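K.L.:
make a model of this:
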Amino acid sequence: MTRTMIRTTLLAAVLATGALAQGDARADTLLVDRANSKEAAVVPVRGQTMAEVQARYGEPAERLDPRGGQKSQWPVIHRWVYPQFTIYFEKDRVIDVVVNRAHPGEIGPKPPVL
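P.N.:
Numbering: from 1, shown residues only. Modelled structure (predicted):
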C-alpha cells in the first residue's frame, strides 16, 4: 500500500469512530439534568406536612402501601406518587422527594419497590 492510501484509510477510520461516539453521547437523556432544571425545582420540601402537600399539589395519582413499622424503632414510610415526582413521608412529614423518569429511556434511579 502506498502512504497516501494508508493515510486515507486511517483518516476515514478516525472520522467514523468520532461520528459514532458523538451519536452515543447525544442519545442519552439524563434524569440528573432534568432534576437540576428550574422546572423540577417546584417540588415539596423536607418538613412539609401531608396536608400542605395535598393543598399545594392536589390529590396524588397513587398512594403506595406504607412500608416499615414492624418495630417501634422503624417508622412507617408513606409514598405518594405524582406524575413528576414521588414523595416519601415519615409519619406526616416529607423526608424525601424523587423526580420520576419522563420516559423509559431516561437514565436515572430505579422505580420504587412496590
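
K.L.:
ramachandran coordinates for T8?
P.N.:
Phi and psi for T8, reported as degrees, to the nearest 10, are phi -60, psi -40.

K.L.:
what's the separation between A102 and L64?
P.N.:
20 Å (CB to CB, to the nearest Å). No exception for glycine: its C-beta is placed from N, CA and C like everyone else's.

K.L.:
more neighbours: the two, which one.
P.N.:
Legend: neighbour count by other CB atoms under 10 Å for A102 and L64, higher for L64 (16 against 13).

K.L.:
look at the more buried one and give its secondary structure.
P.N.:
Judged by DSSP: H, G, I helix; E, B strand; the rest coil, the three-state class of L64 is strand.

K.L.:
pretty sure it contacts Y82?
P.N.:
No. Look at L64 against Y82 with CB atoms under 8 Å: they stay out of range, at 11.8 Å.

K.L.:
and the helices in this structure, which stretches?
P.N.:
Along the chain, counting by DSSP state H, helices occupy 3-27, 31-35, 50-57.

K.L.:
just give me the lowest mean pLDDT stretch among those.
P.N.:
Ranked by mean pLDDT, these bottom out at helix 31-35, which scores a mean of 61.
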